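[1] model this:
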Amino acid sequence: MSDFVPRAPVLVLVGPGGVGKTTVAAALGVSLAMQGKRVAVLTVDPARRLAGALGLDQLHDELRPVALPRDAAGTLHAAMLETGSGYDDLLGRLVTDAGARESIFGNAVYRSFSRTLARSHAYLAMERLHDLVTSERFDHVVLDTPPTRSALEILDAPGRLARFLDDEIVRWFLSDAPKGRLSRLLPLGGAAVARVLSLLTSPRLVDELKEFFTVMGGLADGFRARATATADLLTSSSSQFLLVTGPSATSLADARHFAEGLAQRGVGIAAVVLNRMPEAAYPAPSASTLAAGLPDLDRARLRSLHDELVAFSERTRLCREHAERAVRASGVIEPSVPSCVLSEQSDAPLSVVALAELGRLLTVPGPAVAAAPKALPQEGHP
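    Here you go, the predicted model:
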């Protein structure tokens, strides 16, 4: 892991929900800032846990500075994607005509699109990532993604909206009649489609759709250019993907699904954080050791305490072995991929100082759980 953290300008954290991924993202951001880097942490996690861990009352779409310890050599900013305000800001920059901006912001189709569609959230994350990287304000951008299945949407987002706006069916709503193959089926183009739709729904909705596609269609070239640039960024050496998972069968199955999804898209996992592992077993002290340390205990109480410690040590050992077998069987940790193993903590880090300490742990390789031999079953159950 020590070879992973400092190198990539873009660090994308992926993995199942409920495994501490947001906390790891915050810890990486704090750790890099302590090392003198200019860092931005961007979360799209709807649980909004990042704000508390960073000592902020709440996160907004706008980047906010995070107060770091005095010995920090760098800076840290954090933000949370808010789909509606994020699209408003994006279109506010892209649409130069004030009248067109006012028109699109009041458009019912735009309001529904920008505030409710999950895929629009994914596209906005990529737009924001592109803006942060091209601004050259930061040495590192740490992107915390939603739980596994949704995160794959983020990776697919570059280009989706541009392709959508290029579709000839969409162009039917624009004022100029399309000239492609589909337009020959409806020679009057947008006017014909508008009349057909007006029979099925209200004329007002048809007008809203035409207005929406007219403004968005005019931005297609810009969307397409940024989508291409972001896709190239995510598949280049400037980006690295960190998989965070836990030892439960469900988390490991989701993590493997995501790793396979990345591989299908030509993206590899740069490192794995295995979080919330049970503590390693430790031997229970002997009765004589307890007697030396606790001389006031009578023999019966001493034996009872010793038996409890022996039982606890055995439960800890079995729990750890069970978790290690599950990890080996899952195949999530490959021999060639650096890994870091973090033990389960009773309390999550709730301060920047605690996050800095966790960040230091993330820079220490942790081969405590060996990778699965290729012959082992891959279902993820011990």
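[2] could you pull out the strands for the protein?
    All strands of the chain, identified by DSSP state E, fall at 10-14, 38-43, 64-65, 75-80, 140-144, 239-245, 269-277, 339-343.
[3] worst average pLDDT in those strands?
    Among the strands of the chain, strand 339-343 carries the lowest mean pLDDT, at a mean of 82.
[4] what inclination does it have with respect to strand 239-245?
    Interaxial angle, strand 339-343 versus strand 239-245 (axes from the mean of the first three to the mean of the last three C-alpha atoms, to 10 degrees): 40 degrees.
[5] for this protein, which helix is longest?
    helix 299-330 (DSSP state H).
[6] what's the angle from it to strand 239-245?
    Using the same axes, to 10 degrees: helix 299-330 against strand 239-245 is 140 degrees.
[7] next, the angle strand 269-277 makes with helix 299-330.
    Using the same axes, to 10 degrees: helix 299-330 against strand 269-277 is 160 degrees.
[8] what pLDDT does the nearest residue to Asp254 once chain neighbours are set aside get?
    Distance criterion C-beta to C-beta, 6 or more residues apart in numbering; nearest residue to Asp254, sequence neighbours excluded, is Pro16 at 3.9 Å. (Glycine included, C-beta is placed from N, CA and C.) Looking at Pro16, its pLDDT is 88.
[9] dihedrals phi and psi, Pro16?
    phi -70, psi 170 (degrees, to the nearest 10).
[10] count the neighbours of it for me.
    By the criterion of other C-beta atoms under 10 Å, Pro16 has 23 neighbours.
[11] what of His77?
    21.
[12] over to Glu260?
    The number of residues near Glu260, taken as other C-beta under 10 Å, comes to 11.
[13] from Asp254, how far off is it?
    11 Å (C-beta to C-beta, to the nearest Å).
[14] cool, and Leu234?
    Distance from Leu234 to Asp254, by C-beta to C-beta: 21 Å.
[15] can you tell me which residue is spatially central in the protein?
    The centroid of the chain falls nearest to Thr145 when counting by C-alpha atoms, centre = their mean (1.3 Å).
[16] if I look at that residue, what pLDDT would I see?
    Reading off the model, Thr145 has pLDDT 84.
[17] wait, what's in contact with Ser351?
    Ala53, Gly55 (C-beta atoms under 8 Å, 6 or more residues apart in numbering).
[18] got the phi and psi for it?
    Torsion angles, degrees, to the nearest 10, at Ser351: phi -140, psi 160.
[19] Val332 now?
    phi -70, psi -40.
[20] ends of stretch 55-63, what's the gap?
    14 Å (C-alpha to C-alpha, to the nearest Å).
[21] which parts of it are buried?
    Using 16 or more other C-beta atoms under 10 Å as the test for burial, stretch 55-63 gives Leu56, Leu59, Asp61, Leu63.
[22] with adjacent residues omitted, what lies nearest to the first one?
    Leaving out its chain neighbours, the residue that sits closest to Leu56 by C-beta to C-beta, 6+ apart is Arg64, at 6.2 Å.
[23] and that neighbour, what are its bridge partners?
    Per DSSP bridges, the residues bridged to Arg64 are Ala78.
[24] quick revisit: I'd say the residue nearest to Asp254 and Thr250 touch.
    Yes. Pro16 lies in contact with Thr250 (C-beta atoms under 8 Å); the separation is 7.3 Å.
[25] overlap in contacts of the two?
    Joint contacts of Pro16 and Thr250 (C-beta under 8 Å, 6+ apart) do not exist.
[26] and which of the buried residues of stretch 55-63 is nearest Ala292?
    Distance to Ala292, by C-beta to C-beta, is smallest for Leu56 among the buried residues of stretch 55-63, at 49.5 Å.
[27] residues in contact with that closest one?
    So Leu56 contacts Arg64, Val66, Ala78 (C-beta under 8 Å, 6+ apart).
[28] low pLDDT regions in the stretch 251-382 of the chain?
    345-348, 363-382 (pLDDT under 70).
[29] JSON lines please, covering the strands of the chain and showing distance to Glu127.
    Listed next are those as JSON lines, based on distance: least, C-beta to C-beta, whole Å:
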{"stretch": "strand 10-14", "distance to Glu127": "14"}
{"stretch": "strand 38-43", "distance to Glu127": "11"}
{"stretch": "strand 64-65", "distance to Glu127": "19"}
{"stretch": "strand 75-80", "distance to Glu127": "13"}
{"stretch": "strand 140-144", "distance to Glu127": "12"}
{"stretch": "strand 239-245", "distance to Glu127": "16"}
{"stretch": "strand 269-277", "distance to Glu127": "23"}
{"stretch": "strand 339-343", "distance to Glu127": "31"}
